[in-house]
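> Got a sequence here, can you model it:
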Amino acid sequence: MVNEHHIVSQRTLRYYAAGNPDAGRQLIALHGYSQHPKFFLRKMESLAGEDLQIIAPEGLHRFYVKGHSGRVGASWMTREDRENDITDNHAYLGQLLSQYSADETLLLGFSQGAATAVRFFCATEQRIDRLILWAGSFPPDLSLPDNREKLNNTGIDLVVGDEDEFIHSEHIIELQSLFDKAGIEYRIHRFRGGHDLDLPLLKKLV
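Down below sits the predicted model:
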């Protein structure tokens, strides 16, 4: 009989940062599926400076995006052993946040990173002042009513491009309906573009 087992082992994790590490404000930006955190950060690097540090952690699972060589991307989790991946993500992000002492922390999750951002936000006791879900959705396994008070104590921004090939209008309407029924306050922002960041809008949000 084949049985599944687990072992906890230390590993070295990687993240990228731009801006002043002693800045009073920090933006933690979680990339999407198959993205590289360095190139994801470069999309918003111009926003970093003396008063804002941007930190882009790397998902725990690296892989070649196409074939067996070439560009490398990362993922936060798959359907395999997902509960342990979620636990590891939370420990990783929590340790990363503890490395810096900012007066204000913004947490942005893009695409797949949005679900990871929400899960971490709802699980952590560390202070997060703003939650930005960009081209992503709320994890269906999390209870909105159970997290209503915490979600309403921070600012929540939902962002989607009007030409997004993965997040369509019906997805946003469904998410808005779920938030409305649960009494969750939020702001929604749209921009002309696809499944990507929009720098002018991001600049306004941060």
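
> For the rest of this, base every contact and every neighbour count on C-alpha atoms.
Will do.

> the helices in this protein, which residues?
Secondary structure of the chain (DSSP state H): helices located at 37-42, 82-98, 112-123, 148-152, 169-182, 199-205.

> May I have the first one exported as CSV, CA atoms only?
I take that to be helix 37-42. Taking Å, rounded to 0.1, in the frame of the first residue of the first chain, the C-alpha atoms of helix 37-42 are listed here in CSV:
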residue,chain,number,x,y,z
PRO,A,37,8.7,38.2,-9.3
LYS,A,38,11.7,40.3,-10.6
PHE,A,39,9.9,41.1,-13.9
PHE,A,40,6.6,41.5,-12.1
LEU,A,41,8.2,44.1,-9.8
ARG,A,42,9.8,45.9,-12.8
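
> average pLDDT for stretch 61-74?
Averaging pLDDT along stretch 61-74 gives 94.

> first vs last residue of that stretch, how far apart are they?
In stretch 61-74, first residue to last residue: 5 Å (Cα to Cα, to the nearest Å).

> show me what contacts the closest residue to Arg14 other than its chain neighbours?
Nearest residue to Arg14, sequence neighbours excluded (Cα to Cα, 6 or more residues apart in numbering): Glu58, at 5.8 Å. Glu58 makes contact with Leu13, Arg14, Tyr15, Tyr16, Leu30, His31, His36, Pro37, Ala74 under the criterion Cα atoms under 8 Å, 6 or more residues apart in numbering.

> just to revisit the earlier point, make a markdown table from the helices of the chain and add mean pLDDT to it.
Formatted as a markdown table, the helices of the chain follow (pLDDT from 0 to 100):
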| stretch | mean pLDDT |
| --- | --- |
| helix 37-42 | 98 |
| helix 82-98 | 96 |
| helix 112-123 | 96 |
| helix 148-152 | 93 |
| helix 169-182 | 88 |
| helix 199-205 | 96 |
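
> closest one to Val8 among these?
Between Val8 and the helices of the chain, the shortest separation by Cα to Cα is 9.9 Å, and it involves helix 82-98.

> Mind giving me the packing neighbours of that closest one?
Applying 3 or more Cα pairs under 8 Å, 6 or more residues apart in numbering; DSSP states H and E, we find helix 82-98 packed against helix 112-123.

> Next, the buried residues of the helix it packs on.
Gln112, Gly113, Ala114, Ala115, Thr116, Ala117, Val118, Arg119, Phe120, Phe121, Cys122 (16 or more other Cα atoms under 10 Å).
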